[in-house]
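Peer 1: sequence first, then the predicted structure, then my questions.
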Amino acid sequence: MPLITFQQQDQLGEIVINNPPQNQITADAVTDFSVALTEVAKSDVRAVLLRAEGDDFSFGADPSIFDGMDEAKAVGLAGAVLGFISAFEELPIPTIVLMQGHCFDGALETCLAADLIWAAEGSQFGQIETAAGGFPLGGRTQRLASRIGSARAAEMVLTASVVSAEELLSWGGSNRVTAPDRLLEAGRA
């Protein structure tokens, strides 16, 4: 069963992440996201929601995705990730992320490629790769800086700080914060 799917109701499309409990991104999920984007492009939808099932939007990449990775596989994975993020960003229709719970690393990278980010109250965002000795690779630092300013973006990247949805909204990094039980309904409306 795919970990990320495309669903359509009338002219609203939804890309849904469903890999509980933390909706981590695996190699299969990268492929599934690309397939979902191809389906979006072939559809007649006029807007797309990106959302996740469960308590958390996504903790980002599953660390096992890097096990046994050589240089060629790393280049391939980076290309695939950059490809689906660029394809999502370049959709010629409005894209809205509905984010709940935690949204870290590559998941945040994907969110920042959307036109709008709506979050549930109490949600948390972060670029925590530096805590593990990693770094963001898919344009997130630039997209984050364009939304919240370079000083705040640098602090998030360099300190691996985690910020609340309410704080991100006050910085201009998201567009709306709503009650968790109203997020999906509001997004669909």
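Peer 2: Received it, and whenever you're ready, just let me know what you need.

Peer 1: longest helix anywhere in the chain?
Peer 2: If you go by DSSP state H, the chain has its longest helix at helix 71-89.

Peer 1: now F6. Its backbone dihedrals?
Peer 2: Main-chain dihedrals, F6, degrees, to the nearest 10: phi -110, psi 130.

Peer 1: just checking, it touches I15?
Peer 2: Yes - using Cβ atoms under 8 Å, F6 is in contact with I15, at 5.6 Å. C-beta: built from backbone N, CA, C; applies to glycine.

Peer 1: the helix or strand bottoming out on mean pLDDT in the chain vs helix 71-89, what angle?
Peer 2: Lowest by mean pLDDT, DSSP states H and E among the helices and strands of the chain is helix 140-148, with a mean of 84. Between helix 140-148 and helix 71-89, the angle comes out at 30 degrees (axes from the mean of the first three to the mean of the last three Cα atoms, to 10 degrees).

Peer 1: quick check: buried residues in helix 140-148?
Peer 2: Buried residues in helix 140-148, counted by 16 or more other Cβ atoms under 10 Å: R140, T141, R143, L144, A145, R147, I148.
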